[in-house]
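K.L.:
Sequence first, predicted model second:
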Amino acid sequence: MYYQILEKLKPTTFETCQEEQIPFVAVIKPNEWPSIQDALKMGIDMEFDFTNARSTKAEVNLDSLTGTFKIPNHEDLLNQAIDFSFALDERGIVFIDSHDHVEHLIKKIQKSKKWKKPSLERFIYDFLENIIKGDSELLESFDKFLDNLEESILDGKQLYKEQELNALRRKLTKLNSHYIQLIDLAQELSENENNFFQEENLRFFHLFSARVTRLQTTVLTLRETIIQIRELAKSQLEMRQNKNMAVLTTVTTCCMPLTILVGWYGMNFKHMPELDNPMAYPLVIAFAITIFISAILYSKFKKWL
């Protein structure tokens, strides 16, 4: 698929892109790239592995800019990623995508964007914006989850689940790495080493870099929140354990007089006159209960329980 960057993206042909001096966008399959590369005559002097995108990056060539995208999938941040490659010069940008990810993004731009001053820089900016579209909402959902978890821990309703927090931490780490790579990409574009872009349009890359930086800051804040929640849960657990120990200690202390009483009457003395008294047994029981209740009430009065 080929498009001219006019007021809106206009579908066109490869021949028209070559003939007319209008910035263009092309989306091709990997097997088409060798022939397209020769026809475009892009000055690519570095090895360009367009079939294996391991990260998001851009590299300056003799007379072109090449790079790859590896974008985490919101549906499965830890395991899935959207990957494709690109090459550009002052005439336009070519995306090399073995799937339909880029075509889907470009269709969105074609339907929703209309430019007063169309340019290659503005298209790249809108394309990059679509890559991070929905990230703010995703991070907000993470923040809400952590807020609810913190409230439930403070209310004593539940303790955190280590596996859930570990999974969220790994997701945030992956997003953080993704944003760092996007910031580096934007900086590479804004440096404009080959003078492909107009100076007044470099602001688009600075704007994108600033927005991604804010997203990265949010990610770092959420990672710190996870650490705080772990410390909070640990302190809550320690408080519960201390309270349980206090209860057990108090109950043990209250039972000490009874232990003394049991030990006393367990001694084998021959002359214990109260043993012959018919009221001795119930009196000892009443005495033991009175001592225990008195000790409990005293502990409550001292707020030990």
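P.N.:
That came in fine, so what should we check first? Numbers count the residues shown, from 1 in each chain.
K.L.:
you'd agree residue 6 is up against residue 118?
P.N.:
Yes - using Cβ atoms under 8 Å, residue 6 is in contact with residue 118, at 5.5 Å. Using the backbone N, CA and C atoms, a C-beta is placed for each residue, glycine as well.
K.L.:
Which of those two has more residues huddled nearby?
P.N.:
Legend: neighbour count by other Cβ atoms under 10 Å for residue 6 and residue 118, higher for residue 118 (19 against 13).
K.L.:
Count the neighbours of the closest residue to that one other than its chain neighbours for me.
P.N.:
Leaving aside its sequence neighbours, residue 118 sits nearest to residue 5 (Cβ to Cβ, 6 or more residues apart in numbering; 5.0 Å). Neighbourhood size, residue 5 [other Cβ under 10 Å]: 21.
K.L.:
can I assume residue 5 is in contact with residue 117?
P.N.:
No - proximity of residue 5 to residue 117 does not meet the contact threshold set by Cβ under 8 Å, at 10.7 Å.
K.L.:
For the spatially most central residue of the chain, which three-state class applies?
P.N.:
Closest residue to the average C-alpha location of the chain: residue 172 at 2.6 Å, with Cα atoms, centre = their mean. Under DSSP: H, G, I helix; E, B strand; the rest coil, residue 172 falls in the helix class.
K.L.:
Number the residues from 697 up from this point.
P.N.:
Happy to do that; since the first residue is 697 now, the last one works out to residue 868.
K.L.:
list the contacts for the residue nearest to residue 814?
P.N.:
Taking Cβ atoms under 8 Å, 6 or more residues apart in numbering, we find residue 701 in contact with 718, 719, 720, 721, 788, 811, 814, 815, 816, 818, 819.
K.L.:
quick one: the first one and residue 790, what's the gap?
P.N.:
Yep, that's residue 718 we're talking about. Applying Cβ to Cβ, to the nearest Å, the value for residue 718 to residue 790 is 15 Å.
K.L.:
and residue 749, that one's in a helix?
P.N.:
No - applying three-state DSSP, one finds residue 749 to be coil, outside a helix.
K.L.:
That one - how many residues pack around it?
P.N.:
Using other Cβ under 10 Å, residue 749 has 22 neighbouring residues.
K.L.:
phi, psi of it?
P.N.:
phi -90, psi 110 (degrees, to the nearest 10).
K.L.:
so it touches residue 764, yeah?
P.N.:
Yes - at 3.6 Å, residue 749 counts as touching residue 764 under the criterion of Cβ under 8 Å.
K.L.:
okay, and the common contacts of those two?
P.N.:
Taking Cβ under 8 Å, 6+ apart as the criterion, residue 749 and residue 764 both touch 779, 780, 781.
K.L.:
so can I have JSON lines of those residues showing distance to residue 923 and pLDDT?
P.N.:
Output for the shared contacts of residue 749 and residue 764, formatted as JSON lines (distance: Cβ to Cβ, whole Å; pLDDT from 0 to 100):
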{"residue": "779", "distance to residue 923": "31", "pLDDT": "88"}
{"residue": "780", "distance to residue 923": "35", "pLDDT": "89"}
{"residue": "781", "distance to residue 923": "37", "pLDDT": "88"}
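K.L.:
Most neighbours among those residues, which one?
P.N.:
The residue in those with the most neighbours, by other Cβ under 10 Å, is residue 781 (22 neighbours).
K.L.:
So it belongs to a helix, correct?
P.N.:
No - assigned with three-state DSSP, residue 781 falls outside any helix and is strand.
K.L.:
Quickly list what it is bridged to.
P.N.:
Assessed by DSSP bridges, residue 781 has beta-bridge partners residue 764, residue 792.
K.L.:
residues in contact with residue 719?
P.N.:
Counting by Cβ under 8 Å, 6+ apart, residue 719 makes contact with 700, 701, 787, 788, 814, 815, 816, 819.
K.L.:
Next step: these restricted to strands.
P.N.:
Residues of these located in strands (DSSP state E): 700, 701, 788.
K.L.:
and the residue nearest to the last one when sequence neighbours are not counted, how many neighbours?
P.N.:
I take that to be residue 788. Sequence neighbours aside, residue 720 is the residue nearest to residue 788 in space, at 3.7 Å (criterion: Cβ to Cβ, 6+ apart). As a burial measure, residue 720 scores 22 neighbours (other Cβ under 10 Å).
K.L.:
Residue 720 contacts residue 713, doesn't it?
P.N.:
Yes - between residue 720 and residue 713 a contact is recorded at 4.1 Å, counting by Cβ under 8 Å.
K.L.:
Can you check what pLDDT the model gives the nearest residue to residue 763 once chain neighbours are set aside?
P.N.:
Of all residues not flanking residue 763 in the chain, residue 754 sits nearest, at 3.7 Å (Cβ to Cβ, 6+ apart). In this prediction, residue 754 carries a pLDDT score of 85.
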